[in-house]
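Asker: Whatever this is, show me its structure:
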Amino acid sequence: MADAPPKADSRSDEAVEFMRLANEAESFNRSEALEDLKFRYGDQWPAQMIASRTLEDAPIQVINETDSYCRQVVNHIRQQRPRGKAHPVNNTADVKTAKVITGIGRHIEVHSDAANAYDLAAEFAVTMGVGYWRVRHDYIADDSFDQDIYVDQVNNPFCVYFDPASVLPDGSDQERSLITDTMRKVAFRKAYPGAVEQPFREGGSGDTRSMDWLTKEDIRLAEYFSVEKQRADLVMLSHGGVVYGDELPDAEILRAAGLSITGSRPSWKRSVKWSKVTAFETLEEKTLPGRWIPVIPVYGVDVIIDGKRRKFGMVRFARDPQRIINYTQTSIVEYNAMAPKAKWLVAEGADEGHENEYAQANIRRFPVLRYKTTGADGKDIPPPQRISPEPAPPGMMELGMLASQNLQRVLGMFDPVNLKHTGPKSGEAVRQETMQSEQSNYHFYDNLCRSINHTWRIFLNWTPVI
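Answerer: Below you'll find the model as predicted:
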């Protein structure tokens, strides 16, 4: 009889189920995002065309203009990378405290190289519509109890399973999130001795956990974040402060402090739970400070179409014109490669004694080609003439230029040199033309600013605790 799979605990059950639901909800976006990522970095020909052209020994050209346009947007963001700043917003805050908090936030960003995380997330957002970074706290050294806050880059956005119910552009309304990674089983056993590990069976054991969370050599680990809410009464005191009912001091203590209750209302007590899980058990667990899950998305374009959420970046609609560029350039190369080489038109007897030189004239560069000027009848012989092959059809060249222009139109990025000029222009006019591309793609920069702003709210939540 086959061994029964080990029974998982509630947190691992939640993580497994959430990963399944998130994967189902985002399956289209994830598959298209992977296609966009491959396309930007050169995988631009359909597999069936590659197979057929490889069999025919036909050329396959990739003139990758898409990557260049993406780099322009990303490098513009790097040149003007947004920075967070704290501001006093009510009568209990002051400018001095805001400056201190700003200094703490800048310290967190500098010592954790947050710029790398911001840049990488923006790169993915521009390419395929979404990127991520995360905030964590950890001890500053192995021999210290002091902790610090860190901003970590997420190198692989496909390892993040984000709350499908989140709709805000900075992701602050998410209530569940999952970050997964795989670990070699040998390393897993050393790191977590005694942890439950189901044996791997070829073809699967019928348990979905085995298929998604276990391979022959690796086991999937996941960091599972969830927001838990408990009903609680929120109480307002006479000095303007608020406290939850279960944290309210005794009446005698309130009277001694000269305080009284001025109002109350039903509310929620919110906490963020973090767990490291496998498909079979929870390995670690703790409550995080603050009220937000510290996984921050950066979106490119995020839109709901026919009730379904679609995310995409610059590459999605650049595919078709880019493919036309590749096909056209390949056709031109193929045409020229298959065209006959230039031939020599030689009168009979003009190459007498030099036949070998003319036979190799198309493959060797002779500095001089000699010919006989008179024939056997004593009449003059005209010099040999070279017959040039037909050039590539003009329509093919025009199609390539049109495809390149269509790519610029789709991306909203135009070379100022190609814009129509009507007489001399001032420096300001030239600058405005140059900014046209930046304005067309400004939403990428603005979305990054929103996500950094939410990150600073997390800093503000965590700093009193860490």
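
Asker: Go through stretch 96-107 and flag the buried ones.
Answerer: Of the residues in stretch 96-107, those buried by neighbour count under the rule 16 or more other CB atoms under 10 Å are 101, 102, 104, 105, 106. No exception for glycine: its C-beta is placed from N, CA and C like everyone else's.

Asker: what's the average pLDDT for the lengthiest strand in the chain?
Answerer: Among the elements of type strand in the chain, defined by DSSP state E, the one spanning the most residues is strand 218-237. Averaged across strand 218-237, the pLDDT comes to 90.

Asker: next one: that strand to chain centre, how far?
Answerer: From the chain centre to the centre of strand 218-237 is a distance of 28 Å (CA atoms, centre = their mean, to the nearest Å).

Asker: With stretch 269-285 instead?
Answerer: With CA atoms, centre = their mean as the basis, the distance from the averaged C-alpha position of stretch 269-285 to the chain average is 27 Å.

Asker: Tabulate the buried residues of stretch 96-107 (JSON lines), appending pLDDT and secondary structure.
Answerer: As requested, those are exported to JSON lines (pLDDT from 0 to 100; DSSP: H, G, I helix; E, B strand; the rest coil):
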{"residue": "101", "pLDDT": "89", "secondary structure": "helix"}
{"residue": "102", "pLDDT": "91", "secondary structure": "helix"}
{"residue": "104", "pLDDT": "92", "secondary structure": "helix"}
{"residue": "105", "pLDDT": "92", "secondary structure": "helix"}
{"residue": "106", "pLDDT": "93", "secondary structure": "helix"}
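
Asker: which one of these sits closest to residue 295?
Answerer: Relative to residue 295, the closest of the buried residues of stretch 96-107 is residue 105; by CB to CB it sits at 18.4 Å.

Asker: So that closest one sits against residue 84, correct?
Answerer: Yes. In this structure, residue 105 is within contact of residue 84 by CB atoms under 8 Å, at 5.4 Å.

Asker: how many other residues sit next to residue 270?
Answerer: When neighbours are counted by other CB atoms under 10 Å, residue 270 registers 14.

Asker: So in that sheet, which strands flank the helix or strand harbouring residue 287, and in what orientation?
Answerer: Taking DSSP states H and E as the criterion, the element that holds residue 287 is strand 282-288. Looking at strand 282-288 with DSSP bridges, its paired strands and their directions are strand 261-277 (antiparallel).

Asker: what about the strand it pairs with, distance to the chain center?
Answerer: For strand 261-277, the distance from its own C-alpha centre to the chain's C-alpha centre is 33 Å (CA atoms, centre = their mean).

Asker: same deal with stretch 319-331?
Answerer: Using CA atoms, centre = their mean, the distance from the centre of stretch 319-331 to the centre of the chain it belongs to is 24 Å.

Asker: Equivalent analysis for stretch 301-316, please.
Answerer: Relative to the mean C-alpha coordinate of its chain, stretch 301-316 is positioned 14 Å out (CA atoms, centre = their mean).

Asker: quick one: low-confidence ranges for the stretch 1-150 of the chain?
Answerer: Within the stretch 1-150 of the chain, the set of residues satisfying pLDDT under 70 comprises 1-8.

Asker: ranges for the strands of it?
Answerer: Taking DSSP state E, counting those that start in this stretch as the test, the strands found in the stretch 1-150 of the chain are 130-139, 147-153.

Asker: Touching the helix or strand harbouring residue 182 from outside, list them.
Answerer: Under the assignment given by DSSP H and E, the secondary-structure element containing residue 182 is strand 176-184. Contacts of strand 176-184 from elsewhere in the structure, counted by CB atoms under 8 Å, 6 or more residues apart in numbering, are 15, 18-19, 22, 134, 154, 159-163, 191, 215, 217-227, 293, 295.
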